[in-house]
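Asks: for reference, the sequence and a predicted model appear below.
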Amino acid sequence: MTTRLLNAENLRAAYRTPDGRQVFAVDDVSVYINEGEVLGVAGESGCGKSTLGAILSLTTRPPLYVESGTLEIDGKRQELGERSKIPRTWRGSVVSLLPQGAMNSISPTQRVRDLVFDVVRAHDRTVKRDEALDRARDRLKSLDLPVRVLDSYPHQLSGGMKQRTVTIISTLLNPRLLIADEPTSALDVSSQKALIDMLLQMLEQKIMSGVVFVTHDLPVLRTVSDRIAIMYAGKIVEVGDADEITERPRHPYAAALLSAVLVPEPRYREMRVFGIPGSPPNLLNPPSGCRFHPRCGVAYEECSHDEPPHVGDELRFSKCFWAKKHPGESVPLKAVTSESLADADPVVGSGVTAQSDHHDDEDGAAPAAMAESRADTSREVPTGGVSA
Ligand SMILES: Nc1ncnc2c1ncn2[C@@H]1O[C@H](COP(=O)(O)OP(=O)(O)OP(=O)(O)O)[C@@H](O)[C@H]1O
């Protein structure tokens, strides 16, 4: 039986610019996570992923503010908004953030053990130094990592070990939910694999019960996630099972993101890699209708002025007129390649480019370092590059 860990509904948050305008970087977003799940959040730079991570981890600070929305974790409901008071215990022990670039923010003059003490102490004033260090030692041992890292300065650790160490420190309070923002982006593939293995081990050991994994790296997401949410211009445009999304995208933006993944494996060299034309909109003044329509190769006339419909159920949906007119179908990659745009049926957009026909037919091969990260779900990764 699945148990709901997080329900986040109708989240809306904006940055206030110095001249008093508002940039809604997350606009009416709802997501959920079941106990034991990893939810991947993908999208190009500037689509609102980190902002969503900040809202979910209750770490928003000016100029970002949450206008509205609700968070429910383990059945406990919290209204969000500028005036809402978040119980202190929620931050760190209910939900914890592993922020982007965390490993570079450790003070070079502080040993890891001092950081451990500071973090635990910040949440529990009564804790003794030895207790905090014992907790960290036990945690390192349970994850098969050397306890000597506690005596190290950050510069004495490799990039991969530093990232695993900050991950352990940010989960010392056993949060129910970890929000990991681009945790693998600065790592080489073997360090990525080590971090992902460790996160999955932590889930198994119930150190935390769910992870929101934010990245623009779709191959990594497919490996680690149970479900993936695709974000575009502050909105979630498609959600589904990780394999479903990566193999049968139902939103043209998801298809375009997949098409932009580089494919270094020799057997895929003949595949074409397309970019996504244009760039995400300025959120000060987003396009009307579907925000992707100016870049979409299969857009209809109504996409430019009407809000796209929600097609599907909470397990698998996309917000798209094309999906509404083609229920259950994945975006035909052939129909959105640049060659075939000229023949494509009612198109008003400038052309999403997508990968070759081979994609539909071929099974993927995982980059060696990532392949067995999740033995129970053993997802194959068709590509090895970084998208978007
Ligand atoms: N301080 C700020 N003031 C105004 N707008 C901002 C500010 N910070 C971010 N934004 C805008 O908010 C939007 C979402 O940014 P966010 O960092 O959440 O995106 P992202 O998808 O996480 O990108 P990245 O992968 O580059 O971190 C962007 O359009 C960005 O321009």
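Replies: Sure thing, it's come through. Numbering: from 1, shown residues only.

Asks: okay, buried residues for stretch 156-165 please.
Replies: 157, 160-165 (16 or more other Cβ atoms under 10 Å). (C-beta placed from N, C-alpha, C; glycine too.)

Asks: contacting residues around the helix or strand encompassing Leu52?
Replies: Counting by DSSP states H and E, the element that carries Leu52 is helix 49-56. Helix 49-56 has contacts (Cβ atoms under 8 Å, 6 or more residues apart in numbering) with 6, 8, 11, 13, 15, 25-26, 29, 31, 41-43, 60, 64, 66, 69, 71, 80, 95, 97, 99-100, 177, 179, 181-182, 212, 214-216, 231, 234.

Asks: re the thing from before, the buried residues of stretch 156-165 in helices, which ones?
Replies: In helices, defined here by DSSP state H, the members of the buried residues of stretch 156-165 are 160-165.

Asks: out of these, which is nearest to Leu283?
Replies: Gln163 (29.5 Å; Cβ to Cβ).

Asks: name the next helix or strand downstream of the helix holding Leu52, please.
Replies: Heading C-terminal from helix 49-56 (DSSP H and E), you reach strand 64-73.

Asks: what lines up beside that next one in the sheet?
Replies: strand 4-16 (antiparallel), strand 76-79 (antiparallel) (DSSP bridges).

Asks: residues of the stretch 151-300 of the chain that sit close to the ligand?
Replies: 216, 283 (Cβ under 6 Å from any ligand atom).

Asks: can you pull out the low-pLDDT segments for the stretch 151-300 of the chain?
Replies: Scanning the stretch 151-300 of the chain for pLDDT under 70 picks out the ranges 262-275.

Asks: same thing with the stretch 1-150 of the chain?
Replies: For the stretch 1-150 of the chain (pLDDT under 70), the answer is none.

Asks: mind running it again at 80?
Replies: 1, 88, 103, 105 (pLDDT under 80).

Asks: strands along that one, start to end?
Replies: 4-16, 22-34, 37-42, 64-73, 76-79, 95-98 (DSSP state E, counting those that start in this stretch).

Asks: elements contacting the last one?
Replies: Using 3 or more Cβ pairs under 8 Å, 6 or more residues apart in numbering; DSSP states H and E as the contact test, the elements touching strand 95-98 are helix 49-56, helix 159-170, strand 177-181.

Asks: can you redo the strands paired with strand 64-73 as a markdown table with mean neighbour count and distance to the ligand?
Replies: Formatted as a markdown table, the strands paired with strand 64-73 follow (neighbours: other Cβ atoms under 10 Å; distance: least, Cβ to the nearest ligand atom, whole Å):
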| stretch | mean neighbour count | distance to the ligand |
| --- | --- | --- |
| strand 4-16 | 19 | 3 |
| strand 76-79 | 13 | 21 |
